[in-house]
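Q: requesting a structural model of the entry that follows:
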Amino acid sequence: MNVHDLIVFALQASIILNVFALGLEADLSDATYLLHQPRHFTRSLLAMFVAMPVLALLLGELFALSLEVKITLLCLAISPIPPLLPKKQDKAGGHSSYALGLMLCMALLALLFIPVWLALLSLYFHRPFSLAHGAIVLLVLKVIVAPLAAGMLLHRFAPALTLRLVRPVVLLANVLLPVCALLILVGSRDALASLVSVGTVSALLGFLVVGLLVGHLLGGPAHEDRIVLALSTASRHPGVAIALATANYPQDHRVPGLILLYLLLGLVVSLVYMKWQQAKVPRVIA
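A: Residues are numbered from 1 along each chain as shown. Below is the predicted model of the structure:
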């Protein structure tokens, strides 16, 4: 295993650790919260599985984007599993149970909607788009369901151990993620040099900002719900998006780099949005 493979492995581990950390502080009622909130469920479904893929197609049609950027946006758009944000949403004033339930529901629904969108894209572009359904199932189980279930089981049966694990696991995951993504981008800078332009960054930022806006508007009347859906809608799962890109465009090694660039831009833009929302949460004076 070379250095690049080790960095990629560490990036994947950071995402899994984030989900595991969420499970350490969650119970079954958190995981099933969205199932008892049909309005939240419907709005979330529209924002994450309908609005974002349509937005990616519109951006590709309306602007002179390179093929690689179009592929990047489409792969991100149909990877609607937010693995990184529930803890941050909570800090910004969001509803943590909604965030956790949303992540789990969207992960399971992705097993249905990713193949549907791949079929629609095949018709739209008159060329095959695919990813073996077994590969989708395995990926979702590995990066979402298994680490979340493991954390929840520890929370249920070993609460003392859970209290000791939460802080170091979160710290390790939060350090690994941006560092590994940045190292991969630096390593692929020559390949990406011809693609990274004002237009490319503007397209990625536009996708992010409109995603935040869509989620915020569809989040309903409650401020904490708008925060959750805004951050979740703008957040895409980099592992799923990269798997889709490499399965359909194996010859183009620049798209995974653009997906990681989106991830880093998303961390910055989400932080700005969170700070803005924190400022709107009323402070409780003791």
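Q: where does this protein have its least confident helix or strand?
A: helix 86-91 (a mean of 47; mean pLDDT, DSSP states H and E).
Q: and what about the residue nearest the centre of the chain, helix, strand or coil?
A: The centroid of the chain falls nearest to residue 236 when counting by C-alpha atoms, centre = their mean (2.8 Å). For residue 236, the assignment made with DSSP: H, G, I helix; E, B strand; the rest coil gives coil.
Q: before we move on, which element is the residue nearest to it when sequence neighbours are not counted in?
A: Once flanking residues are discounted, residue 236 sits nearest to residue 76: 4.1 Å by C-beta to C-beta, 6 or more residues apart in numbering. C-betas here are computed from N, CA, C, even on glycine. Residue 76 belongs to helix 67-77 when assigned by DSSP states H and E.
Q: and that helix, what's buried?
A: Across helix 67-77, burial judged by 16 or more other C-beta atoms under 10 Å covers 68-77.
Q: what does stretch 189-209 give?
A: Applying 16+ other C-beta under 10 Å to stretch 189-209 flags 192, 195-196, 200, 203-204, 207-208 as buried.
Q: can I get those residues in a markdown table including secondary structure, distance to residue 215 and pLDDT?
A: Shown next, in a markdown table, are those (DSSP: H, G, I helix; E, B strand; the rest coil; distance: C-beta to C-beta, whole Å; pLDDT from 0 to 100):
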| residue | secondary structure | distance to residue 215 | pLDDT |
| --- | --- | --- | --- |
| 192 | helix | 28 | 69 |
| 195 | coil | 27 | 70 |
| 196 | coil | 26 | 76 |
| 200 | helix | 23 | 87 |
| 203 | helix | 19 | 91 |
| 204 | helix | 17 | 93 |
| 207 | helix | 13 | 95 |
| 208 | helix | 11 | 94 |
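Q: pick out whichever of those residues sits closest to residue 117.
A: residue 207 (15.8 Å; C-beta to C-beta).
Q: how much space separates the spatially closest residue to that closest one that is not a sequence neighbour from residue 254?
A: Distances taken as C-beta to C-beta, 6+ apart place residue 73 nearest to residue 207, at 5.8 Å, with adjacent residues excluded. Distance, residue 73 to residue 254, using C-beta to C-beta, to the nearest Å: 14 Å.
Q: same deal with residue 120?
A: In terms of C-beta to C-beta, residue 120 sits 25 Å off from residue 254.
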